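S.K.: sequence and predicted structure below; questions after.
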Amino acid sequence: MKKLAFLVITAMIAVSTFVVKPITPKAVPQTIIGKATIEQPYVGDTTIKGQLPNYATLPSEDTLPLNGKWDAAMIAINGKFYTNGNTTPINSMFNYTVDADFRYEFQLPNNIVLKEGDVISQFIIPGSIDNSTNYPQLSQHFSDPVTVKARAEGKVTVSFEDEEGTKLAEDETQTGIEGTTYQTKAKTIEGYELKEVIGTEKGTYTASTQEVRYIYTAKTGAPVTVSYEDESGKELATSEQLTGKIGTTYQTEAKKIEGYELKEVIGAEKGTYTASTQEVRYIYTAKTGAPVTVSYEDESGKELATSEQLTGKIGTAYQTEAKTIEGYELKEVIGAEKGTYTASTQEVRYIYTAKTGAPVTVSYEDESGKELATSEQLTGKIGTAYQTEAKTIEGYELKEIQGSETGYFTEVNQQVRLIYAKTTTDEQKPIIPDKPNTDKPDKPNTDKTGGKSIEPKKWLDEITNKPIISDNAKKPELKPIVATQAAAKKAADQVTEKNNLQLPATGDTSTIFYPLIGLLMISSIYLFKRKKRTKKRSINKWN
């Protein structure tokens, strides 16, 4: 095989007089091996790199793999073939390496350093196939010419963006000589994680600007807490937590809270989510609350003390207190004794019940204080009414009442004394004397006693037995005070009428009636005694 390749190359050189020209195919069938490719060489390079063919094409257009065995290389720069030395054959250079992927690196001979404008006009590393004798003649072409260039400065731009293209960090720009290597890196960005990379993270600089884009996706942001408070920090409404992707927008709103009005906002009402927690505080000030009415009543709803009205800011505290009310004790409280002012009126009612009052003692006595009937004790709640009644006591009649027949129970003992006087008997009733004969008082009575006239004698005093009127004295005309039934009734009616106007309660008796009765009794007794003396004097006179 080596011999065959050598003959082919020798023939080509001979024909071209060291100027390689394309091979003119012969009429015989040939097995073709393709050209080697040369990567762009740059000024100052001492090697060239590229790709060798890995198969051969038969006349039938079938392909055969190359066996990875390579023969001596040839190179021509600017049309001149080079060797490893003056005595070395042109096709005897083995200063190259080929890897498993058929990529080669060829060391230029004679310490050649490429210059700008140099042309690698011909280059070949001949390949081989197994059992080549069974195939038509091998034919391999030189590479295409490649011009040496000066290295340009390459640039790589690196950006860090979210999925919407929003810049998350400052861009970076890396520069280097064309053909040299660059390396990019992702950044750690708070609240984000890397999603993908668009472009080549690691590569070589070229004459064109290259771009590498690191694309991030946002993590879920820290929550934004929205609270609704009064000036003291007391919560007025349930706080809220807003969440979203970092970098997205949030929006908060104030709430309408009964009895309060917004004073200020602490924090950003509108903003974007971040990796750090945020807080928005809506601060409210309380309006003046509706009054709290405090009343003090008995069980029937009667007011026992003046009610009160407490006022203050909504949400502030109020405190009520029971009052000490004479004769009463607290029974219950309707409403909240302690609480806070609101927008609605509130009522606190202290309900009292009356204490049991001190007893009212009712006694029934005669004028000397002697008990005529068992005394009674009346009891009841303080403030409730009591009513006493006179009793009918045989042989006695009510004379007067000391104390209040009707009244109200109090905390102090009370006494009502009903004073009775003995009833006047028939024997004690006054006798109204007959009208005396005043025409002729000195004449003997015409009445006969035993047929004998009775001569008048001296008038003797009934008590002293002394004469009070001489026998011949003119008798004075007697005009006794006669308490007739009609007169007594009229006087009693007048007293009763007067008493009725003065005493509203049943059983009241005017004390005016009793002096009148006494006056009538005295008059009756006087007349009775007077009549008795008159009779006695008459008897004495006529005896």
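M.R.: Arrived safely, thanks for sending. Residues are numbered from 1 along each chain as shown.

S.K.: Glu337 is in contact with Val348, isn't it?
M.R.: Yes. Contact criterion C-beta atoms under 8 Å: Glu337 and Val348 qualify, at 6.2 Å. For every residue, glycine as well, the C-beta is placed using N, CA and C.

S.K.: mind listing the shared neighbours of these two?
M.R.: Residues touching both Glu337 and Val348 by C-beta atoms under 8 Å, 6 or more residues apart in numbering: Thr320.

S.K.: those two: which is more packed in?
M.R.: For Glu337 versus Val348, the count of surrounding residues by other C-beta atoms under 10 Å is larger for Val348: 23 against 13.

S.K.: contact partners for the more buried one?
M.R.: Contacts of Val348 by C-beta under 8 Å, 6+ apart are Val292, Thr293, Val294, Ser295, Thr320, Val333, Ile334, Gly335, Ala336, Glu337.

S.K.: mind redoing it with 7 Å?
M.R.: Residues in contact with Val348 (C-beta atoms under 7 Å, 6 or more residues apart in numbering) are Val292, Val294, Thr320, Val333, Gly335, Ala336, Glu337.

S.K.: same thing with Leu168?
M.R.: Counted by C-beta under 7 Å, 6+ apart, Leu168 has contacts Phe160, Glu161, Asp162, Ile189, Tyr192, Tyr216.

S.K.: show me what the last one is bridged to.
M.R.: What that stands for is Tyr216. Taking DSSP bridges as the rule, Tyr216 bridges to Asp162, Leu194.

S.K.: count of residues packed around it?
M.R.: 23.

S.K.: could you measure from Gln30 over to Ser60?
M.R.: Distance of Gln30 to Ser60, computed by C-beta to C-beta, to the nearest Å: 12 Å.

S.K.: which of the two has more residues huddled nearby?
M.R.: Ranked by neighbour count (other C-beta under 10 Å), Gln30 and Ser60 place Gln30 first, with 19 against 8.

S.K.: can you tell me the helix or strand for the residue nearest the centre of the chain?
M.R.: For the chain, Leu236 is the residue whose C-alpha lies nearest the centre (C-alpha atoms, centre = their mean; 3.9 Å). Per DSSP states H and E, Leu236 falls inside strand 235-242.

S.K.: now do Arg151
M.R.: Here Arg151, judged by DSSP H and E, is contained in no helix and no strand.

S.K.: look up how far Thr356 lies from it.
M.R.: Relative to Thr356, and taking C-beta to C-beta, Arg151 is found at 121 Å.

S.K.: show me what the strand holding Leu236 pairs with in its sheet, parallel or antiparallel.
M.R.: Here strand 235-242 is paired, per DSSP bridges, with strand 224-230 (antiparallel).

S.K.: now do the strand it pairs with: everything it contacts.
M.R.: 235-237, 239-242, 250, 252, 255, 257, 260, 273, 278-284, 286, 315.

S.K.: can I get that strand as CSV, trimmed to CA atoms?
M.R.: Output of strand 224-230 as CSV, limited to C-alpha atoms (Å, rounded to 0.1, in the frame of the first residue of the first chain):
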residue,chain,number,x,y,z
VAL,A,224,-46.2,40.8,51.9
THR,A,225,-48.2,41.2,55.2
VAL,A,226,-51.0,43.7,55.2
SER,A,227,-52.4,44.7,58.7
TYR,A,228,-55.2,47.0,59.8
GLU,A,229,-54.6,48.6,63.2
ASP,A,230,-55.5,51.4,65.5
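
S.K.: quick one: distance of it to the chain centre.
M.R.: In terms of C-alpha atoms, centre = their mean, to the nearest Å, the centre of strand 224-230 is set 11 Å apart from its chain centre.

S.K.: who's in contact with the nearest residue to Lys149 once chain neighbours are set aside?
M.R.: Nearest non-adjacent residue to Lys149, counting by C-beta to C-beta, 6 or more residues apart in numbering: Tyr42, 5.9 Å away. Tyr42 makes contacts with Val148, Lys149, Ala150, Arg151, Gly179, as judged by C-beta under 7 Å, 6+ apart.

S.K.: just the buried residues out of those, in ChimeraX syntax.
M.R.: To isolate the buried ones among these in ChimeraX, judged by 16 or more other C-beta atoms under 10 Å, type:
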select :148,149,151,179
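
S.K.: pull the contacting residues for Tyr341.
M.R.: Gly289, Val292, Gly312, Lys313, Ile314, Gly315, Thr316, Tyr318.

S.K.: if we use 10 Å, what do you get?
M.R.: 259, 286-292, 310-318 (C-beta atoms under 10 Å, 6 or more residues apart in numbering).
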